[in-house]
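In: next one to model:
(one chain, ligands or ions: 1)
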Amino acid sequence: MTKHYSLNMADETKATDCRLDCLLVGESPVMQGLKRLIATVAPGHAPVMVQGATGVGKELVAQGIHMMSGRDGQMVAVNCAAIPADLLESELFGHEKGAFTGATERRIGRIEQANGGTLFLDEIGDMPADLQAKLLRALESRRVQRVGGRDEVEVNFRLVTATHRNLADHVKAGLFREDLFFRINVFPMMVPDLNMRTEDIPMILRTMMLQHRDRTDLGLPEFTQAALKALAAHSWPGNVRELRNVVDRAMVLFAGRDVTAEDVRGVLLSADMAAMNAPAPACPERLSQGPEGLRRVLESEGSINMRGYLQDIEIRLIEAALSVNEGCVSHAARSLKLQRTTLIEKMKKLSIDRTAAAAA
Ligand SMILES: Nc1ncnc2c1ncn2[C@@H]1O[C@H](COP(=O)(O)OP(=O)(O)OP(=O)(O)O)[C@@H](O)[C@H]1O
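Out: Reported below is the predicted structural model:
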């Protein structure tokens, strides 16, 4: 199993740089540990491999390493999965004029552009086998040969790679060269999923909103405590990128307004964007007034977002059942006359946290 380096939390001598705090927002113990590791490793030359799921902030970590490295050159980023395999070689290594049809000019490759700086190869696991061999040679000789060129050019760059794959498994499956894997995996760094550091959500949310405050004259959205709890209970499959989407939606839909837990679950986290156009649901209490009350709501508001109402009622019933049954899912299911598995599925879908609901 790959060992991920971590530093002792009590190591006060490795205080993180405030520039890193502005770049990589979050003060959870895991993020503090990661930032201390970046600050320690950055000034050296050893390759770093950043691992983590999609949207966790791997590219930001690479930027942090470059920023703290003290290198004069630029950071050059290449996404190996985004460039067609037959173009990747010339993108990375450059080409001489006339090297192939269409090569009308000499082109300096991304590796040469990173000279004196940092080369960030994102999705390194998607690099074709022949290029893996060529990259290994370049890393070992510190020289590159442009496509169609005869001479080699000396280069001095710091390599940072990133992958969302388990590259060790890729090596075992014969899909990634073992020698290259060991060459680039000197400092593995793992960026944790957002749901492992939910205490960072309010701070990231606030920072992102402040970054875009000029987008609205109406003021920033105000997330209530319950709304923050609903965000913390979400599973965040898209990690911080998904949180950025939530902020973008909130800035448009809730500028200068309070954002409630219902807004978070029903609108901001809803994959169904149609729900965003529906009128905001009124309190479900008003729906319990009987047919006359319902008619009044319809008359005064013109329409009712039925799905939103029903979902609100479902959430409230489940939260109440969990609260009454002190968080015991089996007992809560029985009191709602549901199968335990059905209740668990609903809780997942509606982002209801058992412990939070029990404590409410
Ligand atoms: N700790 C953080 N603080 C502030 N913003 C963050 C943080 N982590 C990630 N982001 C933001 O989330 C988005 C995704 O981050 P990034 O592109 O670095 O993720 P990634 O892991 O490289 O994604 P992918 O796997 O898709 O390449 C970006 O908009 C980035 O600015």
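
In: contacts, neighbours, all on C-alpha from now
Out: Will do.

In: spell out which parts of this structure neighbour the ligand.
Out: 24-26, 53-60, 204, 240-241 (CA under 6 Å from any ligand atom).

In: tell me the SS of the spatially most central residue of the chain?
Out: By CA atoms, centre = their mean, the chain has its centre lying nearest to Gly55, at 2.3 Å. In three-state terms, and counting by DSSP: H, G, I helix; E, B strand; the rest coil, Gly55 is coil.

In: now the one 4 residues further on
Out: Put simply, Glu59 is helix when judged by three-state DSSP.

In: ok, it - contacts?
Out: Applying CA atoms under 8 Å, 6 or more residues apart in numbering, we find Glu59 in contact with 122, 162.

In: enumerate every residue touching the residue nearest to Met127 when sequence neighbours are not counted.
Out: Leaving aside its chain neighbours, Met127 sits nearest to Cys80 (5.8 Å; criterion: CA to CA, 6 or more residues apart in numbering). For Cys80, the contacting residues are 88, 121-124, 126-127, by CA under 8 Å, 6+ apart.

In: got TSV for those residues, with neighbour count too?
Out: Formatted as TSV, these follow (neighbours: other CA atoms under 10 Å):
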residue	neighbour count
Leu88	20
Leu121	24
Asp122	24
Glu123	19
Ile124	24
Asp126	18
Met127	22
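
In: now those in CSV, with distance to Phe181, pLDDT and secondary structure?
Out: Formatted as CSV, the contacts of Cys80 follow (distance: CA to CA, whole Å; pLDDT from 0 to 100; DSSP: H, G, I helix; E, B strand; the rest coil):
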residue, distance to Phe181, pLDDT, secondary structure
Leu88, 19, 94, helix
Leu121, 13, 98, strand
Asp122, 14, 97, strand
Glu123, 13, 95, coil
Ile124, 10, 97, helix
Asp126, 13, 93, helix
Met127, 12, 95, coil
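
In: which of those residues lies closest to Ser235?
Out: Relative to Ser235, the closest of these is Glu123; by CA to CA it sits at 23.7 Å.

In: shouldn't that closest one be in contact with Thr163?
Out: Yes: using CA atoms under 8 Å, Glu123 is in contact with Thr163, at 4.6 Å.

In: ok, so of the contacts of Cys80, who is nearest Val76?
Out: Within the contacts of Cys80, the smallest distance to Val76 is 8.5 Å, found for Leu121 (CA to CA).

In: pLDDT below threshold where in the stretch 251-360 of the chain?
Out: Along the stretch 251-360 of the chain, the parts satisfying pLDDT under 70 run over 271-294, 296-309, 360.

In: and the closest residue to the ligand within it, which helix or strand is it part of?
Out: Per CA to the nearest ligand atom, Met251 is where the stretch 251-360 of the chain lies closest to the ligand, at 15.4 Å. Per DSSP states H and E, Met251 falls inside helix 239-253.

In: can you name every helix or strand that that helix contacts?
Out: Helix 239-253 makes packing contacts with helix 201-211 when contacts are defined by 3 or more CA pairs under 8 Å, 6 or more residues apart in numbering; DSSP states H and E.

In: got the domain boundaries for this protein?
Out: Following automatic domain parsing, the chain resolves into domains at 12-192, 199-359.

In: and the contacts of stretch 156-165?
Out: With CA under 8 Å, 6+ apart as the contact definition, stretch 156-165 has outside contacts at 45-54, 58-59, 62, 111, 114-125, 142, 184.

In: can you rerun that using 6 Å?
Out: Residues outside stretch 156-165 that contact it (CA atoms under 6 Å, 6 or more residues apart in numbering) are 45, 47-53, 114-124.

In: again, but for stretch 183-201
Out: 4, 26, 47-52, 56, 232, 235, 239.

In: same thing but 7 Å
Out: Stretch 183-201 is touched from outside by 4-5, 26-28, 46-53, 56, 58, 232, 235-236, 239-240, with contacts defined as CA atoms under 7 Å, 6 or more residues apart in numbering.

In: can you verify my assumption that Glu178 contacts His170?
Out: No: here Glu178 lies out of contact with His170, judged by CA atoms under 7 Å, at a distance of 9.2 Å.

In: one step back: of the contacts of stretch 183-201, buried ones?
Out: 26-27, 46-53, 56, 58, 232, 235-236, 239-240 (16 or more other CA atoms under 10 Å).

In: who touches Gly109 in this structure?
Out: 90-94.

In: residue ranges of the helices in the stretch 251-360 of the chain, please?
Out: Remark: helices assigned in the stretch 251-360 of the chain by DSSP state H, counting those that start in this stretch are 261-263, 274-277, 284-287, 291-301, 306-324, 329-335, 340-349, 354-359.

In: and the gap between the residue nearest to Met127 and Asp126?
Out: To Asp126, Cys80 is 6 Å away according to CA to CA, to the nearest Å.

In: many thanks, I have nothing further to ask.
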